[in-house]
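S.K.: Generate a structure from the sequence data that follows.
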Amino acid sequence: MKRLLTALFAAASLTAFAATASAADLAEEPSAATVQTKDEVRTIVLASPGENKIQVIKIVREYLGIGLKEAHELVSNTPSVIKKDVPVKEAEELAKRLTDVGATVELK
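M.R.: Residues are numbered from 1 along each chain as shown. Next up, the predicted model:
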């Protein structure tokens, strides 16, 4: 019985030590996935709608899936954040569409 208890305590302490060590390792070093996602997301900021405000409103409505009033408020109250945490490719595509109609867009 004593051997069994000793073996169980030894196994439990090794398991607890391994779990603590792996948690400490994770806390010290950011994973590659975390670092990668920070580089792969952007915030789209509309700095100015330009002269084709109606076209910009249409693009914002289509992209966000919001109503006319909400899109108009976003476009009229610049600078305004269109969307946060957007993948780089998607952010660049939207920025290109908006700049093509004369808007000024910043990707942060």
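
S.K.: any idea which residue sits dead centre in this structure?
M.R.: residue 85 (2.7 Å; CA atoms, centre = their mean).

S.K.: Where do the strands of the protein begin and end?
M.R.: Assigned by DSSP state E, the strands in the chain fall at 41-48, 80-87, 104-107.

S.K.: residues making contact with the last one?
M.R.: By CB atoms under 8 Å, 6 or more residues apart in numbering, the residues outside strand 104-107 that reach it are 42-48, 50, 79, 91-92, 94-95, 98-99. Every residue, glycine included, has its C-beta placed from N, CA and C.

S.K.: Adjacent strands (with direction) for it?
M.R.: strand 41-48 (antiparallel) (DSSP bridges).

S.K.: could you check the angle strand 80-87 makes with the partner strand?
M.R.: Interaxial angle of strand 41-48 relative to strand 80-87 (axes from the mean of the first three to the mean of the last three CA atoms, to 10 degrees): 160 degrees.

S.K.: For the residue nearest to the centre of the chain, give me its contacts.
M.R.: 41, 43.

S.K.: just residue 70 next, same as before
M.R.: Contacts of residue 70 (CB under 8 Å, 6+ apart): residue 64.

S.K.: are any of the contacts of strand 104-107 buried, and which?
M.R.: Burial by neighbour count, 16 or more other CB atoms under 10 Å: within the contacts of strand 104-107 this picks out 42, 44, 45, 46, 50, 91, 94, 95, 98.

S.K.: can I get those residues in TSV with pLDDT?
M.R.: Formatted as TSV, the buried ones among the contacts of strand 104-107 follow (pLDDT from 0 to 100):
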residue	pLDDT
42	84
44	93
45	94
46	94
50	93
91	93
94	93
95	94
98	95
